[in-house]
Structure formats: structure tokens, C-alpha cells
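Colleague: quick one, what's the 3D model for this:
(one chain, ligands or ions: 3)
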Amino acid sequence: MASSKEKSFRRIKKSYTWFSVISLILFFLISAAVINGALIFFVLYSVNAKLDSQYAIIDHMANIYEESVRNNDATLRDVLIIKECPDFFVLDKNGKELERHGKNTYTTTGGQLGTLFGHKDYLVYEDAENKLLLFTDGGLVIPAPIPLYHKANQQLNTDEVKAGDSLEDIDDREVVTMPVWIETGLSDGSRFIAKGQIQIRFADFIIFLIVFMCLNLIVLLLLVIRLIKLISGFIRRKQMTELFLVDDVTKGNNWMAFLLKGERILKKRKNAGRRYAMIHLVIVEYRNYCMCHSLEEGQRLLFRISCVIEESLSKKEELSAHVSSSSFALLIEAENDDAVKERFDQLLKELKNVDIPQGKKQPGHSDTFHIFRFQAGVQIIEPDTVDGKVVKRKDARIEYYYNNAVTAKSTLGTTDDDGIAFFDSQLMEEERWIETVKEHQQKALDNEEFVVYYQPKYSPDKSELIGAEALIRWQSPDFGFVPPGRFIPVFEKNGFITHIDHYMICHVAKDQKKWLDAGMRCVPVSVNVSRAHFAESDLADQILNMIDSIGTPHNLIEIELTESAFFDDKNAIIETIERLKSYGFSVSMDDFGSGYSSLNSLKDMNLDVLKLDADFFRGDADPARKEVVVSEAIRLAKRLNMRTVAEGVEEKEQVEFLKQQGCDMIQGYYFAKPMPKEEYEERMKEIYHVPD
Ligand code: C2E
Ligand code: CA
Ligand code: CA
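Modeller: Ligands and ions are numbered 1, 2, ... in the order given. Modelled structure (predicted):
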């Protein structure tokens, strides 16, 4: 359920797609632009060079013309008209035609060419009949596939082809002719306009076309290769995504898939007005089932359950996933709480018989079938609204909703039958408080807002103060007095408890040292060390260093370990206990008898003190039976050389009974409540008389 994993998964998915698409488009555009740009430049350059040479010829003809007019030389004129240039005309300054020869197919469309290719300034016009060279505002344009156009119009100079010519000869003579009109000025200001012919070998066009096609083919080829790579990348990623999103056991969605798909469903515009229910569904005692049958059988069961759940969903807009061994997440549409309950009941009906195989008996499956219990926590997801109007959900905090559903489920006892619990405002408050505590904890520790209270432990006749337990209190400037039940469980969950344990040991050691130095009669004070802390292998040395740095005698400090801690790594705990004892600290088992039996732990662990849980002295259980259990527990402790402390003693009769049974110490409201250290100091000074 790691959200960082989810984030990197999303990032990989996104960045890879964008990178591929953008790089492909860029690659294609740049290559195509460079290659085709170079080719067009080359063609324009050669056409312009030919134009320049045509201009030189026409300028030369204009000179001949001018010479012939000036000298009235008919021969020269004949040479011009017959040999050099059959099509030309002359206009005076006012545009009046002075002379014309040949066919006038001149148009006024044209103009001066730019200086890109370095040619001289002269005017060029299109030919009316043969529009192979055109002029636009941008300059000279050659319409596309000229040779083909030319062939279609059968304008190749094939008449010059003679029998016996080789193919190469024919090719050489096959030219594409592109007529243009070029103007040059005469010395008297009149204009000489003549028809020029730009000729390009047909073979050159073919070569150009081949080069053009080859280069474009290369680009296309590279593009295809890139595309294939991209597609195979997409396919690989899709496979990888599936690997990421499919649950190994159920072959359905896993948590990651649930997060991604759930978010999509909730954020869809058409689902904006719909109420949804996020459900945390748990198979109670799934572990027992696996132990009775096998892990494989358990996994087959999960597969069947997943199928049943999926079948119960409306396909597109609802979702389910296998989250952990015994739990599933469901996102279903929900009109209201009753509708969710109805769906849950319906689902339960189908799930109840999931262990009974349909049709043929499965190999390895016993004849007795398990009837399962299911529990669910639900968080209702309301539509988002702005000014009372339903709007599309901006963010879909799937993880948050699911955590709330898990919190709701945790309110159901493990012994409850099938049950469903909704995340309500009270739970919401609780969640808020957990967050608030987390935000304030460090500041509270730094500002010493945590205060040590001491609860004395007396001998049963109250003649002697034998010890005390240090109990934490939070005097918060923001929240006032906060009892430990409101924040210790939060610290235990978020790990801050280890800081608290250090803080308490340190403060108790300092108080003890101060009292000792003041010549007061000090008794051992026990400090609670959380179960989480006992997992640290160097815990005994941490405590030793801390206490030695203060200089408190070791026999004045006792470490209380709660009974449930003995279920963790047994060897590590035994090791820590032995070390603590070897350093001279007492170690006690707190809350003995409150939870699971810890008799077995007593067998392995050499503890100094057994603290009988307050539950022995509360409740409606048969007093006679209670007394038997308590007296036997005390006897057991004695036989194991352990001293006993009875906690939560509130009544005189209880004290009397414990005294008779030989209980060593009483810690309870009957004698003293936990108190501030100033009050405890007074208690230390008091002398008690043994009552008669
Ligand atoms: P605990 O270690 O079992 O502490 C004994 C609790 O029983 C204390 O509650 C004490 O005030 C209460 N108690 C003692 N005598 C009587 C009695 O006659 N009647 C009743 N009704 N209650 C009695 P408190 O101080 O509220 O502490 C609750 C729990 O918070 C503790 O249970 C302990 O688990 C935890 N805790 C308190 N201080 C610390 C601490 O410094 N570190 C750690 N790790 N946990 C602490
Ligand atoms: Ca305790
Ligand atoms: Ca206790």
C-alpha cells in the first residue's frame, strides 16, 4: 500500500509515453524538414542558375538589337530575328510596343527575383501557354512533378530522336523545356522582353526524383523502426503494467490497480453525483482455515471469494481488489447506508457457501466444510459540492477512504458475528485526534509537557512504602490535561512511544538521584517500557547508559514489560531481560492475566516481579472463583521466586484477601492514586504504623 511506490509507478507510466511520443514527432518533423528543405534548395538553385544564363543570352540579344537599330544594320537584325531569338518585343518608356517578333505569349505575372542565389536584378514573367515556372509573392515556384506533367502533355523534344540513337542518347536529348519571359532595359529607356528557355534534362529529373524518394524512404524507414520500437515498448509496458496490477493469488486487481482504477471511477464526470461506498471486507479466521487445510487451499479459497465478489459488482463503475491475505477492498455504488447493508447481506449469502465445491469434489478437500464469517468496515463517499451544486470530484483519496473503512472495521470485536460498521463522525474525530497528536508530539516532548506521576506500591498492611510506578500525564497548553489512554495508544501506533520511554526513564532516574542526594528514603520505581521498544536489540545497554550518565543506583529502577510483549521475538526478549537483570535492574511482567495466557513465558523468563492485572479485581465474575485464580497466581509467583504486585485494588476486602494470600505489594486507589511528584515526596517521608 506504499503510496511512494504508486507515485513512481504513475511517473514511469506517464513520462515514458510522453517522451516516446514527443521524440518520435520531433524526429519525424526535423528529418523530413531537413531533407526536403535541402532538396528544394538544390532544385531552386539549379533553376536559378539556368535563369541567370538565359538572362545573359537575352541581354546579349538586346545589345545586338540596339546595335542593329543604331546602325540600321539589317544583317545584324536578321541574325537576331532568325537565329538568336525568334520571340521578342520592345516597349518604349510608356509601354507602347515598338517592335515585335514571333509569338507573344508573355504575361504580366512575374517580377524581380530575390537575391538569395546572388543573381542579377532582372524581371522575369510567366509564359501564358506553358506554365511550368510560376511566380508568386514569395518568388519562383516550380509546380510538382514536372516531368510527369510534361510527359502527359507530350512536350518532350522527341522529334529530335533519330533511328539508331542509343537509349543514352535519347535520354540526353529528352529535355523538359520551361519557357520564361525575361526583360532587360535598353540605353534609351525602352524595354527589351524576350522568351527564354530553361531546359532541364529529363534524366536529371529522374535522378532528382530517385534521390528525393530514397531520402524520404530512409526517413520513413527510420520512422517505422522508431514506431516498431515504440509499439513494442508500449506492449512491454502493458505487460509490465499487468504484472504490476494483477494479484498473484486471485488473478484479479491488486491494491495498485484498485488505487488507479478507483481514482478513475470517482473522478469521472458522469459519476460526480453518485454516492459510493468504500468497503474493507475481511474473512474472519482465514488463518485458522489455512492451518486446518493448507496455504494452497487457502489461496484457492481467496480465488473463489474474489470471483464471487467480482460477480456481485456492476461491471464498469464498481471495483474490487485483493488487498492482503484475508482482506478485500470494494468500491460500490451506494444510495444510502441501508443499500450498502443490503448489498453486504446479499454478498454474504453468496460467500457463505464458498467452501462447498460446486459439482465434483476437489482433490485433497475434506468432507467437512467451513462456514466463514465476514466483517466489513465502510466509508461512504459523498459527491463533491460547491455552493450546493454537485461538481466533478477533484481528488479521489482512495487510500484515505480505505483507511477509514479499516478503522470502522476495527471497531467490530473479533468475536462478533458477521458485522458491518460505518465510519462515522465519532471515528472521524478519533482520526483527527490521531493526526493532532502526531503534529504536537515532538513539540510537547521538547517543552517537557509530559509530566511524571507516581503511584505508590504499599505492603498490604500499608505499613511500608515498597515502591512506585511512574505513570505519564500530558499537561498540554493546547488541550489541557490529557490522560495516557488518549495518547499512549497513538504513540504506540506511530512509533513515538520509544521517545516517551526514554523520557520517562530519564526523568525517573533524575528524580530518584535528586531524592537520594537529599537524603530521602528512596524505593524502587517501575517504568513502563513499550513492547515496540523491546524489539531493539541494544535496549538494555541504552537504559544502562542513560541511567549511568545520571548516576542513579540500578536497584532503584524497575522495568515493566506488558504481558503481550512476550509474544514477540521470544529469544530477543529473554536476552534483553537477562541483560537488564545482570546490570542490576528488576524486571516485571505487567498486566499478568489480562490477555492471552503468559504462563508459558513465565517458564522461560527469569522475572523479578509479577503484576496481577486490575481485571482480577473488577467485573461480575464469581468472587469465589476469582479468589482461587488470584491465590494460585500468587502461589505460582512465589514458587518462581517472584514478588507480586496487585494492581487496581480499590476495596478493603480485596486488600484483606491479598494480605492473607501473601501478596507482597498493593498498587491501587484504595491506598493511593497516581500523584504529582511533590505529593509523592510527602508520601516518601510518611511513617506508617502497622495497624493492630
Ligand atoms: P498500566 O501500566 O497498567 O498502569 C496502571 C494503570 O492503572 C494506571 O492508569 C493507573 O492510574 C491505573 N490504576 C492504578 N490503580 C487503580 C485503581 O485502583 N483503580 C483504577 N480504576 N485504576 C487504577 P493510567 O495512569 O491511566 O495508565 C494507563 C496505561 O497507560 C498504563 O497502564 C500504561 O499501559 C500506559 N502508560 C502510562 N504511563 C506510561 C508510560 O510512561 N510509558 C508507557 N509506555 N506506558 C504508559
Ligand atoms: Ca504498568
Ligand atoms: Ca498494569
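Colleague: make it CA atoms for all contacts and neighbour counts henceforth
Modeller: OK.
Colleague: spell out which parts of this structure neighbour ligand 1.
Modeller: Counting by CA under 6 Å from any ligand atom, the chain comes close to ligand 1 at 471-472, 483-485, 501, 504, 528-530, 591, 647-650, 667-669, 674.
Colleague: looking at those, which are in strands?
Modeller: Secondary structure defined by DSSP state E assigns 471-472, 528-529, 591, 647, 667 of these to strands.
Colleague: contacts for stretch 32-44, please.
Modeller: 140, 212, 215-216, 219 (CA atoms under 8 Å, 6 or more residues apart in numbering).
Colleague: are any of the residues you listed buried, and which?
Modeller: 140, 212, 215-216, 219 (16 or more other CA atoms under 10 Å).
Colleague: which residues of the protein score low on pLDDT?
Modeller: For the chain, the stretches with pLDDT under 70 are 1-18, 83-85, 113-120, 131-174, 315, 355-369, 414-416, 563-568, 595-598, 687-692.
Colleague: what residues does it put near ligand 3?
Modeller: 590-591 (CA under 5 Å from the ion).
Colleague: buried residues in the helix or strand hosting Ala624?
Modeller: Using DSSP states H and E, Ala624 maps to helix 623-639. Across helix 623-639, burial judged by 16+ other CA under 10 Å covers 626-627, 630-631, 633-638.
Colleague: re earlier: now, the most widely separated pair of the ones in strands among the residues of the chain next to ligand 1?
Modeller: Val529 and Gln667 (18.3 Å; CA to CA).
Colleague: more neighbours: which of these two?
Modeller: Neighbours per residue (other CA atoms under 10 Å) separate Val529 from Gln667, with Gln667 holding more: 27 against 22.
Colleague: I figured the more buried one was touching Glu651, is that so?
Modeller: No - counting by CA atoms under 8 Å, Gln667 does not reach Glu651; the two are 11.6 Å apart.
Colleague: which residues does Ile557 contact?
Modeller: 509, 524-527, 585-586.
Colleague: sheet-wise, list the partners of whichever strand or helix holds Val180 with their directions.
Modeller: Val180 is located in strand 175-185, with elements delineated by DSSP H and E. Partners of strand 175-185 in the sheet, by DSSP bridges, are strand 123-127 (antiparallel), strand 191-201 (antiparallel).
Colleague: CA atoms of the longest one as PDB?
Modeller: Written as PDB, here are the backbone C-alpha positions of strand 191-201 (Å, rounded to 0.1, in the frame of the first residue of the first chain):
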ATOM      1  CA  ARG A 191      12.300  47.600 -72.500                       C
ATOM      2  CA  PHE A 192      13.500  44.500 -74.400                       C
ATOM      3  CA  ILE A 193      11.400  41.400 -73.500                       C
ATOM      4  CA  ALA A 194      12.300  38.100 -75.000                       C
ATOM      5  CA  LYS A 195      11.400  34.500 -74.500                       C
ATOM      6  CA  GLY A 196      14.000  32.300 -72.800                       C
ATOM      7  CA  GLN A 197      14.000  28.600 -72.400                       C
ATOM      8  CA  ILE A 198      15.100  26.900 -69.300                       C
ATOM      9  CA  GLN A 199      15.800  23.300 -70.100                       C
ATOM     10  CA  ILE A 200      16.400  20.500 -67.700                       C
ATOM     11  CA  ARG A 201      17.400  17.100 -68.700                       C
END
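Colleague: now do the buried residues in that strand.
Modeller: 191-198, 200-201.
Colleague: for stretch 476-495, same thing?
Modeller: 476, 487-488, 490-492.
Colleague: mind listing which of those are in helices?
Modeller: 487-488, 490-492 (DSSP state H).
Colleague: which of the residues you listed lies closest to Asn336?
Modeller: Using CA to CA, those come closest to Asn336 at Val490, 31.7 Å.
Colleague: where is the longest helix in this structure?
Modeller: helix 3-70.
Colleague: quick one, it and strand 191-201 angle?
Modeller: Inter-element angle recorded for helix 3-70 and strand 191-201: 130 degrees (by axes from the mean of the first three to the mean of the last three CA atoms, to 10 degrees).
Colleague: ok, and what's touching the helix or strand following helix 3-70?
Modeller: Elements were assigned by DSSP H and E; along the chain past helix 3-70, the next helix or strand is helix 74-78. Identification of contacts with helix 74-78 by CA under 8 Å, 6+ apart yields 64-65, 67-68.
Colleague: what packs against the next helix-or-strand element following helix 74-78?
Modeller: As assigned by DSSP H and E, the chain's next helix or strand after helix 74-78 is strand 88-91. If contacts are counted by 3 or more CA pairs under 8 Å, 6 or more residues apart in numbering; DSSP states H and E, strand 88-91 sits against strand 97-101, strand 191-201.
Colleague: just the buried ones among the contacts of stretch 32-44 now: which is nearest ligand 3?
Modeller: Nearest to ligand 3 out of the buried ones among the contacts of stretch 32-44 is Val219 (CA to the ion; 80.0 Å).
Colleague: doesn't Thr108 fall inside a helix?
Modeller: No - counting by DSSP: H, G, I helix; E, B strand; the rest coil, Thr108 is not part of a helix but strand.
Colleague: make 854 the first number, not 1, from now on.
Modeller: Noted, 854 is the first residue going forward, which turns the last one into Thr961.
Colleague: what's the burial count for it?
Modeller: Other residues close to Thr961 by other CA under 10 Å number 11.
Colleague: dump the residue contacts of it.
Modeller: Contact analysis of Thr961 by CA under 8 Å, 6+ apart lists 978-979.
Colleague: tell me which stretches of the stretch 1004-1153 of the chain form helices.
Modeller: Listed in chain order, the helices of the stretch 1004-1153 of the chain (DSSP state H, counting those that start in this stretch) span residues 1020-1026, 1055-1098, 1108-1120, 1139-1145, 1148-1165.
Colleague: can you say which of the ones you listed is packed in most?
Modeller: helix 1108-1120 (a mean of 20; mean count of other CA atoms under 10 Å).
Colleague: quick revisit: go through the buried residues of stretch 1329-1348 and say which is closest to Gly1230.
Modeller: Nearest to Gly1230 among those: Val1343, at 20.5 Å, using CA to CA.
Colleague: hmm, that closest one is touching Ile1287, no?
Modeller: Yes - using CA under 8 Å as the test, Val1343 is close enough to Ile1287 to be in contact (6.2 Å).
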